[in-house]
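Novice: no sequence for this one, just the structure:
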(Lines give C-alpha, C1' and ligand atoms only; values in the text may rest on other atoms or scores of the structure.)
Protein backbone atom coordinates (compact mmCIF):
# COMPACT_ATOMS: atom_id res chain seq x y z
CA UNK A 1 0.00 0.00 0.00
CA UNK A 2 1.21 3.39 -0.88
CA UNK A 3 1.56 6.18 1.73
CA UNK A 4 -0.66 9.18 1.25
CA UNK A 5 0.96 12.21 -0.37
CA UNK A 6 0.64 14.22 2.83
CA UNK A 7 2.82 11.83 4.74
CA UNK A 8 5.51 11.48 2.09
CA UNK A 9 8.01 14.01 3.43
CA UNK A 10 7.03 14.11 7.05
CA UNK A 11 4.06 15.59 8.83
CA UNK A 12 2.83 18.55 6.74
CA UNK A 13 0.69 20.04 9.50
CA UNK A 14 3.76 20.07 11.76
CA UNK A 15 5.75 21.92 9.07
CA UNK A 16 3.01 24.51 8.68
CA UNK A 17 3.01 25.05 12.42
CA UNK A 18 6.78 25.70 12.42
CA UNK A 19 6.43 28.08 9.45
CA UNK A 20 3.81 30.09 11.33
CA UNK A 21 6.04 30.21 14.43
CA UNK A 22 9.00 31.37 12.31
CA UNK A 23 6.86 34.03 10.59
CA UNK A 24 5.45 35.39 13.86
CA UNK A 25 8.89 35.34 15.47
CA UNK A 26 10.35 37.27 12.52
CA UNK A 27 7.59 39.88 12.74
CA UNK A 28 8.11 40.22 16.50
CA UNK A 29 11.89 40.63 16.07
CA UNK A 30 11.39 43.30 13.36
CA UNK A 31 8.99 45.22 15.61
CA UNK A 32 11.43 45.08 18.54
CA UNK A 33 14.35 46.20 16.35
CA UNK A 34 12.26 49.08 14.92
CA UNK A 35 11.32 50.17 18.43
CA UNK A 36 14.93 50.03 19.65
CA UNK A 37 16.28 51.96 16.64
CA UNK A 38 13.57 54.63 17.03
CA UNK A 39 14.28 54.93 20.75
CA UNK A 40 18.04 55.26 20.20
CA UNK A 41 17.58 57.97 17.55
CA UNK A 42 15.17 59.84 19.82
CA UNK A 43 17.55 59.71 22.77
CA UNK A 44 20.53 60.77 20.67
CA UNK A 45 18.58 63.66 19.18
CA UNK A 46 17.36 64.72 22.62
CA UNK A 47 20.94 64.70 23.96
CA UNK A 48 22.23 67.05 21.26
CA UNK A 49 23.43 70.24 22.93
CA UNK A 50 21.06 73.13 22.43
CA UNK A 51 22.63 76.45 21.51
CA UNK A 52 22.40 78.91 24.39
CA UNK A 53 20.90 82.33 23.75
CA UNK A 54 23.39 85.00 24.77
CA UNK A 55 22.72 88.75 24.53
CA UNK A 56 25.59 91.07 25.42
CA UNK A 57 25.66 94.85 25.27
CA UNK A 58 28.50 97.25 25.88
CA UNK A 59 27.92 100.88 26.78
CA UNK A 60 27.90 102.97 23.61
CA UNK A 61 26.74 106.28 25.08
CA UNK A 62 25.88 107.62 28.52
CA UNK A 63 23.90 110.86 28.82
CA UNK A 64 23.63 111.92 32.47
CA UNK A 65 20.49 113.73 33.63
CA UNK A 66 19.51 115.17 37.00
CA UNK A 67 18.32 111.90 38.57
CA UNK A 68 19.67 109.20 36.25
CA UNK A 69 21.44 108.75 32.97
CA UNK A 70 20.25 107.44 29.67
CA UNK A 71 22.39 104.47 28.74
CA UNK A 72 22.57 103.44 25.08
CA UNK A 73 23.95 99.95 24.46
CA UNK A 74 25.56 98.29 21.46
CA UNK A 75 24.03 94.80 21.42
CA UNK A 76 25.29 91.52 20.03
CA UNK A 77 23.22 88.34 20.01
CA UNK A 78 24.15 84.69 19.65
CA UNK A 79 21.43 82.07 19.10
CA UNK A 80 18.67 84.43 20.34
CA UNK A 81 16.34 84.44 17.34
CA UNK A 82 12.82 84.67 18.74
CA UNK A 83 14.00 84.79 22.38
CA UNK A 84 15.32 88.31 23.00
CA UNK A 85 15.41 91.57 21.05
CA UNK A 86 16.89 94.97 21.80
CA UNK A 87 15.74 98.56 21.75
CA UNK A 88 18.98 100.52 22.48
CA UNK A 89 18.22 101.25 26.16
CA UNK A 90 16.55 97.95 27.04
CA UNK A 91 16.04 94.29 26.14
CA UNK A 92 12.66 92.73 25.41
CA UNK A 93 12.10 89.11 26.43
CA UNK A 94 10.26 87.13 23.75
CA UNK A 95 9.98 83.76 25.54
CA UNK A 96 9.20 82.80 29.15
CA UNK A 97 12.06 81.15 30.97
CA UNK A 98 15.01 81.34 33.32
CA UNK A 99 17.71 83.84 32.39
CA UNK A 100 21.03 84.65 34.01
CA UNK A 101 21.59 88.42 33.96
CA UNK A 102 24.95 90.07 34.58
CA UNK A 103 26.22 93.65 34.52
CA UNK A 104 29.36 95.66 35.21
CA UNK A 105 29.87 99.42 35.09
CA UNK A 106 33.20 101.19 35.57
CA UNK A 107 33.77 104.83 36.44
CA UNK A 108 36.85 106.94 35.82
CA UNK A 109 36.80 109.23 38.85
CA UNK A 110 35.44 109.41 42.39
CA UNK A 111 31.82 110.47 42.91
CA UNK A 112 30.01 112.31 45.69
CA UNK A 113 27.52 109.54 46.42
CA UNK A 114 27.56 105.76 46.36
CA UNK A 115 27.81 104.30 42.92
CA UNK A 116 24.63 102.22 42.38
CA UNK A 117 23.77 100.06 39.39
CA UNK A 118 20.15 98.89 39.17
CA UNK A 119 18.36 96.42 36.92
CA UNK A 120 14.71 97.25 36.27
CA UNK A 121 11.81 95.41 34.71
CA UNK A 122 9.14 97.70 33.31
CA UNK A 123 7.06 99.25 34.75
CA UNK A 124 9.70 100.35 37.25
CA UNK A 125 10.13 97.08 39.17
CA UNK A 126 13.60 96.80 40.68
CA UNK A 127 15.05 93.34 40.09
CA UNK A 128 18.52 93.96 41.48
CA UNK A 129 20.73 96.73 42.86
CA UNK A 130 24.47 96.67 43.38
CA UNK A 131 26.39 99.40 45.21
CA UNK A 132 29.99 100.19 44.41
CA UNK A 133 32.54 102.49 46.07
CA UNK A 134 32.38 106.24 45.55
CA UNK A 135 36.00 106.80 46.58
CA UNK A 136 39.25 104.94 46.46
CA UNK A 137 41.61 104.63 43.57
CA UNK A 138 41.24 106.28 40.25
CA UNK A 139 38.25 104.24 39.23
CA UNK A 140 35.56 102.04 40.68
CA UNK A 141 33.56 99.08 39.55
CA UNK A 142 30.11 97.81 40.40
CA UNK A 143 28.82 94.49 39.11
CA UNK A 144 26.30 91.72 39.70
CA UNK A 145 25.09 88.48 38.20
CA UNK A 146 22.12 86.31 39.14
CA UNK A 147 19.28 84.24 37.65
CA UNK A 148 15.72 85.48 37.11
CA UNK A 149 12.52 83.98 35.79
CA UNK A 150 11.26 86.31 33.06
CA UNK A 151 8.05 86.36 31.04
CA UNK A 152 7.37 87.15 27.42
CA UNK A 153 7.08 90.92 26.96
CA UNK A 154 9.26 91.87 29.95
CA UNK A 155 11.43 94.90 29.23
CA UNK A 156 14.74 95.08 31.09
CA UNK A 157 17.05 98.06 31.51
CA UNK A 158 20.08 99.01 33.57
CA UNK A 159 20.45 102.42 35.21
CA UNK A 160 22.95 104.30 37.34
CA UNK A 161 22.22 106.73 40.13
CA UNK A 162 25.37 108.65 39.28
CA UNK A 163 25.01 111.98 37.48
CA UNK A 164 28.48 111.78 36.05
CA UNK A 165 29.92 111.82 32.58
CA UNK A 166 32.88 109.84 33.89
CA UNK A 167 31.49 106.40 33.13
CA UNK A 168 33.83 104.29 31.04
CA UNK A 169 32.31 103.40 27.69
CA UNK A 170 32.85 100.44 25.42
CA UNK A 171 33.88 97.02 26.62
CA UNK A 172 34.60 98.22 30.18
CA UNK A 173 30.90 98.76 30.95
CA UNK A 174 28.41 96.12 29.87
CA UNK A 175 25.38 94.02 30.73
CA UNK A 176 23.64 91.06 29.23
CA UNK A 177 21.90 87.78 29.76
CA UNK A 178 21.81 84.21 28.66
CA UNK A 179 18.94 81.75 28.77
CA UNK A 180 19.42 78.85 31.15
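Specialist: Received, thanks. Treat the numbers as computed from the prediction; the structure is a model and nothing was measured.

Novice: From here on, just use CA atoms for contacts and neighbour counts.
Specialist: Fine.

Novice: how about the helices of the protein, start to end?
Specialist: Ranges of helices in the chain, per DSSP state H, are 12-46.

Novice: low-scoring stretches of it, by residue?
Specialist: The model of the chain has pLDDT under 70 over residues 1-12, 45-50, 66-69, 136-139, 162-165.

Novice: what domains does the record give for it?
Specialist: Following automatic domain parsing, one finds the domains of the chain at 11-46, 54-179.

Novice: Quick one: the ones you listed as CSV, columns for mean neighbour count too.
Specialist: Below are those laid out as CSV (neighbours: other CA atoms under 10 Å):
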stretch, mean neighbour count
domain 11-46, 12
domain 54-179, 17
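
Novice: Quick check: the gap between the residue nearest to residue 77 when sequence neighbours are not counted and residue 88.
Specialist: Distances taken as CA to CA, 6 or more residues apart in numbering place residue 55 nearest to residue 77, at 4.6 Å, with adjacent residues excluded. Going from residue 55 to residue 88 by CA to CA, to the nearest Å gives 13 Å.

Novice: what touches both of those two?
Specialist: residue 75 (CA atoms under 8 Å, 6 or more residues apart in numbering).

Novice: Identify the bridge partners of residue 98.
Specialist: In this entry, residue 98 is beta-bridged to residue 149, by DSSP bridges.

Novice: Isn't it up against residue 147?
Specialist: Yes - if you go by CA atoms under 8 Å, residue 98 and residue 147 touch, sitting 6.7 Å apart.

Novice: Now residue 95: closest residue in space that isn't a chain neighbour?
Specialist: Nearest one to residue 95, counting by CA to CA, 6+ apart, is residue 152 at 4.7 Å.

Novice: For residue 92, see how far away the one you found is.
Specialist: On the measure of CA to CA, residue 152 and residue 92 end up 8 Å apart.
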